[in-house]
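**Q** Starting from these lines, generate the structure:
(2 chains)
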Amino acid sequence: MRETTRQEDLLRGIWRENPVLIQLLGLCPALAVTNSVENALAMGLATFFVLCGSSLLVSTLKKLIPHEVRISTYILIIATFVTVADMTLEAVVPEIHKALGAFIALIVVNCMILGRQEAFASKRPVGRALLDAVGTGVGFIIALLLMGSLRELLGNGSLLGISLFGPSYEPWVVMILPPGGFFALGALILALGWIQQRRAPRSQPQEWPEGVADREAA
Amino acid sequence: MWSVVASLAPVVGASIWFFGPSALLVLIASCAGAICTERGIAGTRALRDGSGTITGLLLGLTLPPGIPLWMAFLGGAFGMAFGKLVFGGLGQNVFNPALLGRAFLQAAFPVALTTWPASASSWWSLRGDNFALPLMSPQVPDALTGATPLGLFKFEGQGTDLGSLLVGSTGGSLGETCGLIILLGGAYLALRGHLNWRIPASIFASVALLAGLLHLIDAEQYPGPVFMLFSGGLMLGAVYMATDMVTSPVSGLGCWVFGAGIGALVVIIRIWGGLPEGVMYSILLMNALVPFINRVTQPRVFGTNLGSSAS
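**A** This next block holds a predicted model:
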């Protein structure tokens, strides 16, 4: 495996390998709690905290964790941080905590977090693991904010609760409901793919492995 | 495809006859939405075979006449983009694009989609706030709203007499009023071989059978089969939407199963569901089952699997 630089570790999760929009991980919270910017931000921050904390701890303890029970150990570590996040949210912003409901507890089984532990934090030094967690977490927040703003803008005519179109705006009710989450995610992934496709001709031609070099010609 | 458009012309004419300039405006807006989206996204790869026009017309015919034009445009655009182009264009779509556009509008703007105009003062007057600004809600005084025959039956227990159902002088969406003209258009298309007659036939048969049985059990609670056949969007849906070649089964037996499923779902939704009308959801649901129906009703390939002699 090619060694990655520090910069790459930090930046790739934000856009190029965005956990939600590119890797399609952590879709459950991305679909379920993004019906307003407020909820999306709270969920993003909580997940960011859990991801950074557990990456730090898993990377620190990687020599001590027996290989056979590593997944359950990761889950235990993640669950500890989720409990902290859950209690903090309940104390600081009880309204949002109520709106997010069971989805805070479900951060424990967010495959994005577990994936970073298994694929990265358990094999790399602490500093690298933290950089990777920060990048991935920021990417997750960005994706959730995009979803949340799109859905709140169309479904409620507002952003962060501030009405933008005046009182006679006709809300697109469906965007607040669960199908709207799928529409928004699909539209975002579509837009992203479209942008990448338009950029592709300008970048360097890819080198194919031997045997498929003349695929274009065939 | 243009012959389908031609067979829709009398239906369009009837809707303009009954709903005045509003009908024309709504149809133009929904067609513009569908066609502009197809040209805008697919560009030169878009086929000029009239399929975009059909999507727009069929969507417009399922909308109430008083709907704001921007909603009709949006429905056409959504149906074309998410119902057809994301799957890869004509021939690849799973669901009927026009119905998908309508389903989206129904979910997004439930009030505007169920506001029916009362009889207008003159033919020339608009049947609602068609010219509401984009993204703004229509302003409709309550006194101007009416009801459809199905809504009347479901929520108020009133019947509608057969004559006005046949001719279409009732409230409702643009194309769900005149049953006779739609049947004539369907007959023309069936004779030309553009639609599979088995699908509408099995839809009508299963609706009539189920509604008739229920009517025999309790005539007070359940409407008769003729009312069920000629009210709401059943005619339009059965003749023009369920028969979309892309989203209906391939084999004859499959078509019978498909139509029977739609008919049964229509009766179930209309009688026991929360909505007065269920043709749209019935067709969309059965569209999703088409690949499965195709697999189950696959005809035997000639010369293979000859029963006992093969084993």
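**Q** Skipping adjacent residues, who's closest to the spatially most central residue of chain A in space?
**A** In chain A, the centroid-proximal residue (C-alpha atoms, centre = their mean) is A:Phe140; its distance is 2.6 Å. Nearest non-adjacent residue to A:Phe140, counting by C-beta to C-beta, 6 or more residues apart in numbering or on different chains: A:Pro19, 5.2 Å away. C-betas here are computed from N, CA, C, even on glycine.
**Q** Residues touching the strand or helix carrying B:Met80, excluding its own?
**A** Following DSSP states H and E, the helix or strand that holds B:Met80 is helix B:69-83. Helix B:69-83 is contacted by residues A:183, A:186, B:25-26, B:29-38, B:41, B:52, B:55-56, B:59-60, B:63, B:93, B:95-102, B:104-105, B:109, B:112, B:130-135 when judged by C-beta atoms under 8 Å, 6 or more residues apart in numbering or on different chains.
**Q** Tell me which stretches of the chain form strands.
**A** You didn't pick a chain, so chain A it is. Ranges of strands in chain A, per DSSP state E, are A:158-159, A:162-163.
**Q** actually it's chain B I care about, not the one you picked
**A** Counting by DSSP E, chain B has strands at residues B:116-117, B:145-146.
**Q** Which residues of chain B lie near chain A?
**A** B:68, B:82, B:86, B:104, B:107-110, B:112, B:132, B:135-139 (C-beta under 8 Å from any C-beta of the partner chain).
**Q** in the stretch 1-150 of chain B, which segments are predicted with low confidence?
**A** Scanning the stretch 1-150 of chain B for pLDDT under 70 picks out B:118-121, B:140-147.
**Q** how about the residues of chain A near chain B?
**A** So chain A meets chain B at A:157, A:165, A:168-170, A:172-175, A:177, A:179, A:183, A:186, A:190 (C-beta under 8 Å from any C-beta).
**Q** Which members of those are positioned in helices?
**A** A:Val173, A:Val174, A:Met175, A:Pro179, A:Phe183, A:Gly186, A:Leu190 (DSSP state H).
**Q** out of those, who's nearest A:Arg116?
**A** A:Gly186 (24.9 Å; C-beta to C-beta).
**Q** A:Leu51 contacts A:Gly115, correct?
**A** No: in this structure, A:Leu51 is not within contact of A:Gly115 by C-beta atoms under 8 Å, at 10.3 Å.
**Q** And these two? Which one has more around it.
**A** Each of A:Leu51 and A:Gly115 has its neighbours counted (other C-beta atoms under 10 Å in any protein chain shown); A:Leu51 has more, 30 against 15.
**Q** Skipping its backbone neighbours, what lies nearest B:Leu8 in space?
**A** Nearest non-adjacent residue to B:Leu8, counting by C-beta to C-beta, 6+ apart: B:Leu57, 5.4 Å away.
**Q** Which of the contacts of helix B:69-83 fall in helices?
**A** Mapping those onto helices (DSSP H) picks out A:183, A:186, B:25-26, B:29-38, B:41, B:52, B:55-56, B:59-60, B:97-102, B:104-105, B:112.
**Q** Pull out the buried members of those.
**A** By neighbour count, with 16 or more other C-beta atoms under 10 Å in any protein chain shown, those hold A:183, B:25-26, B:29-38, B:41, B:52, B:55-56, B:59-60, B:97-102, B:104-105, B:112 as buried.
**Q** The nearest residue to B:Trp123 once chain neighbours are set aside: neighbouring residues, count only.
**A** In space, not counting the residues next to it along the chain, B:Trp123 is nearest to B:Gly20; the distance is 4.8 Å by C-beta to C-beta, 6+ apart. Number of residues near B:Gly20 (other C-beta under 10 Å) recorded here: 19.
**Q** Let me see the contact set for the residue nearest to B:Leu8.
**A** Contacts for B:Leu57 (C-beta under 8 Å, 6+ apart) come out as B:Val5, B:Leu8, B:Val12, B:Leu27, B:Ser30, B:Cys31.
**Q** what about the last one, distance to chain A?
**A** Spelled out, it's B:Cys31. 22 Å (C-beta to the nearest C-beta, to the nearest Å).
**Q** That residue is in contact with B:Leu63, isn't it?
**A** No: using C-beta under 8 Å as the test, B:Cys31 is too far from B:Leu63 to be in contact (11.8 Å).
**Q** Using the record's assignment, carve chain B into domains.
**A** Residue ranges for the domains of chain B, per automatic domain parsing: B:1-146, B:148-298.
**Q** Can you tell me which of those domains is nearest to A:Trp15?
**A** Here domain B:1-146 is closest among the domains of chain B (C-beta to C-beta), at 23.4 Å.
**Q** quick revisit: among the strands of chain A, which is nearest B:Val246?
**A** Nearest of the strands of chain A to B:Val246, taken as C-beta to C-beta: strand A:158-159 at 39.2 Å.
**Q** Who are the contact partners of B:Phe104?
**A** Here B:Phe104 is in contact with A:Val174, B:Gly75, B:Phe78, B:Gly79, B:Phe82 (C-beta under 8 Å, 6+ apart).
**Q** if we go to 6 Å?
**A** Counting by C-beta atoms under 6 Å, 6 or more residues apart in numbering or on different chains, B:Phe104 touches B:Phe78.
**Q** same thing with the one 4 residues further on?
**A** B:Ala108 is in contact with A:Trp172, A:Val173, A:Val174, counting by C-beta under 6 Å, 6+ apart.
**Q** what do you get if the cut-off is 10 Å, keeping everything else the same?
**A** Contact partners of B:Ala108, counting by C-beta atoms under 10 Å, 6 or more residues apart in numbering or on different chains, are A:154-155, A:170-177, A:179-180, A:183, B:71, B:74-75, B:78.
**Q** Also B:Ile182?
**A** So B:Ile182 contacts B:7-8, B:10-11, B:14, B:61, B:168, B:175-176, B:200, B:230, B:233-240 (C-beta under 10 Å, 6+ apart).
**Q** Ok, A:Lys62 next?
**A** By C-beta under 10 Å, 6+ apart, the residues touching A:Lys62 are A:Arg70, A:Gln117, A:Ala121, A:Ser122, A:Lys123, A:Arg124, A:Pro125, A:Val126, A:Ala129.
**Q** Can you tell me the number of residues neighbouring A:Leu192?
**A** A:Leu192: 16 neighbours (other C-beta under 10 Å).
**Q** from memory it sits against A:Ile142, does it?
**A** No: the criterion here is C-beta atoms under 10 Å, and A:Leu192 misses it with A:Ile142 at 11.6 Å.
**Q** what's the overlap in contacts for those two?
**A** Common contact partners of A:Leu192 and A:Ile142 (C-beta under 10 Å, 6+ apart): A:Trp15, A:Asn18, A:Leu21.
**Q** mind checking how far the first one is from chain B?
**A** Going back to what we said before, that points to A:Trp15. For A:Trp15, the distance to chain B equals 23 Å [C-beta to the nearest C-beta].
**Q** Would you map the helices across the stretch 201-311 of chain B?
**A** Taking DSSP state H, counting those that start in this stretch, the helices of the stretch 201-311 of chain B run over residues B:225-230, B:234-236, B:252-272, B:279-296.
**Q** Buried deepest among those helices, which one?
**A** helix B:234-236 (a mean of 28; mean count of other C-beta atoms under 10 Å in any protein chain shown).
**Q** Check the offset of that one from the chain's centre.
**A** A distance of 6 Å separates the centroid of the chain from that of helix B:234-236, by C-alpha atoms, centre = their mean, to the nearest Å.
**Q** That one - contacts with which helices or strands?
**A** With contacts defined as 3 or more C-beta pairs under 10 Å, 6 or more residues apart in numbering or on different chains; DSSP states H and E, helix B:234-236 has these neighbours: helix B:2-19, helix B:179-192, helix B:198-217, helix B:252-272, helix B:279-296.
**Q** Quick check: which of the ones you listed is nearest to A:Thr60?
**A** Using C-beta to C-beta, those put helix B:279-296 closest to A:Thr60, at 49.7 Å.
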